[in-house]
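Asks: The sequence isn't on hand, but the structure is:
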């Protein structure tokens, strides 16, 4: 008896279909494994760069009732507490005003004399004509200044940043104000020495606090000098 060893067309189609499915599942599996591996790598990288305030020595993300000033890191300072910083109005749209931290000597008004640090949020408290209002500091990016948003009426405030931290000085720094906290921002590029006072290009005469100004898209403003931002208890 002779046997037909040639597979039928049906069997060939079935075999080819199974091979295609197997190849497809192998491709999907490989893609998923690669995605999981990439996710693990990125997660590990984020874990390396992520720093919490509690991980820094002598630091806190909550303080109440303080003022801010800048300590010149390149030229002699006139006192032990630096030059005062105040909020200066920069712009406004319907219901919202935007303010920056500016040297009082270049903007001699102070409608927001008190600052609070609450779980990483930096809040300015108004008095006098600004009584009953608060300014919430937004996210700070390299090459920019801190923008405080003040809302009017029932408008919600833009989401405040939670990256601010008060970091204590070390005795090895030897500065006469080493008992004061410094203001820091918690991200991969931040350090207490990332601040600078720069001329404000849109408001002539004003000297505004910038974060890492040379990292801006155009190389940052010129005429800046490096500062520490001191937290002075009231």
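Replies: Thanks, I have the structure now. Here the structure is a predicted model, which is why all the values come from computation and not from measurement.
Asks: remind me which residues of this protein are low pLDDT?
Replies: 1-51, 153-159, 169-176, 187-193, 215-220 (pLDDT under 70).
Asks: any chance you could map the helices in it?
Replies: Assigned by DSSP state H, the chain shows helices spanning 9-49.
Asks: Break it down into its structural domains.
Replies: Domain assignment for the chain, taken from automatic domain parsing, gives 7-50, 53-233.
Asks: What is the burial count for the closest residue to residue 121 other than its chain neighbours?
Replies: Nearest non-adjacent residue to residue 121, counting by CB to CB, 6 or more residues apart in numbering: residue 160, 4.6 Å away. Quick note: C-beta positions are derived from backbone N, CA and C, even for glycine. Residues near residue 160, counting by other CB atoms under 10 Å, number 20.
Asks: what sits against the closest residue to residue 69 other than its chain neighbours?
Replies: Counting by CB to CB, 6+ apart, residue 69 lies nearest to residue 82, which is 3.8 Å off, once chain neighbours are set aside. Residues near residue 82 by CB atoms under 8 Å, 6 or more residues apart in numbering: 69, 70, 71, 72, 177, 227, 228, 230.
Asks: Next: residue 97.
Replies: Per CB under 8 Å, 6+ apart, neighbours of residue 97: 89, 91, 149, 150, 152.
Asks: Pretty sure the last one sits against residue 126.
Replies: So the one you mean is residue 152. No. The criterion here is CB atoms under 8 Å, and residue 152 misses it with residue 126 at 11.6 Å.
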